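A.B. asks: Okay, here's the prediction I keep looking at, along with the sequence it came from:
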Amino acid sequence: MSFYQHHVFVCCNQRAPGEDCCNNHGASELMGYMKDRVKALGLAGEGQVRVNKAGCLGRCDDGPLMVVYPQETWYTFIDREDIDEIVDKHLVGGEVVKRLAR
């Protein structure tokens, strides 16, 4: 059994200038927004949801990226609306957001 119902790893990797990476697309800011949203909904903590910053997840061409465990669901995202949809549909409702899944 997993310690968290959902454990989210958001790639916040920053590469050298001129190299594309998730953080060039606002990943750190959006991860902060996701953490705040999860806390505001009362979903944070043991048995619930944990949102973590991750280094490179090795899929920069698909980024920005996150992966949700234990379901092993990969998502791309570009704005707060995408984060809201992932939180509402996947983390709360248990449904994969197919349009963002990678």
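C.D. replies: Okay, I see it.

A.B. asks: immediately after the lengthiest helix in the chain, which helix or strand?
C.D. replies: When the chain is parsed with DSSP state H, its longest helix is helix 27-40. Next in sequence after helix 27-40, counting helices and strands by DSSP states H and E, comes strand 49-54.

A.B. asks: At which residues are the helices of the chain located?
C.D. replies: For the chain, the helices defined by DSSP H occupy 27-40, 80-85.

A.B. asks: ok, residues contacting the last one?
C.D. replies: For helix 80-85, the external contacting residues (Cβ atoms under 8 Å, 6 or more residues apart in numbering) are 30, 33-34, 37, 75-77, 97, 100. C-beta: built from backbone N, CA, C; applies to glycine.

A.B. asks: which pair in the residues you listed spans the largest distance?
C.D. replies: Arg37 and Thr76 (17.9 Å; Cβ to Cβ).

A.B. asks: Show me where the protein dips below the pLDDT cut-off.
C.D. replies: For the chain, the stretches flagged by pLDDT under 70 are 1.

A.B. asks: ok, now with 90
C.D. replies: Along the chain, segments meeting pLDDT under 90 span 1-2, 15-20, 58-63.

A.B. asks: Which residue, other than its chain neighbours, is closest to Gln5?
C.D. replies: Nearest non-adjacent residue to Gln5, counting by Cβ to Cβ, 6 or more residues apart in numbering: Gln48, 5.6 Å away.

A.B. asks: check contacts around that neighbour.
C.D. replies: 4-6.

A.B. asks: that older thread, now find how far off-centre the longest helix of the chain is within its chain.
C.D. replies: Here the centre of helix 27-40 is set off from its chain's centre by 9 Å, with Cα atoms, centre = their mean, to the nearest Å.
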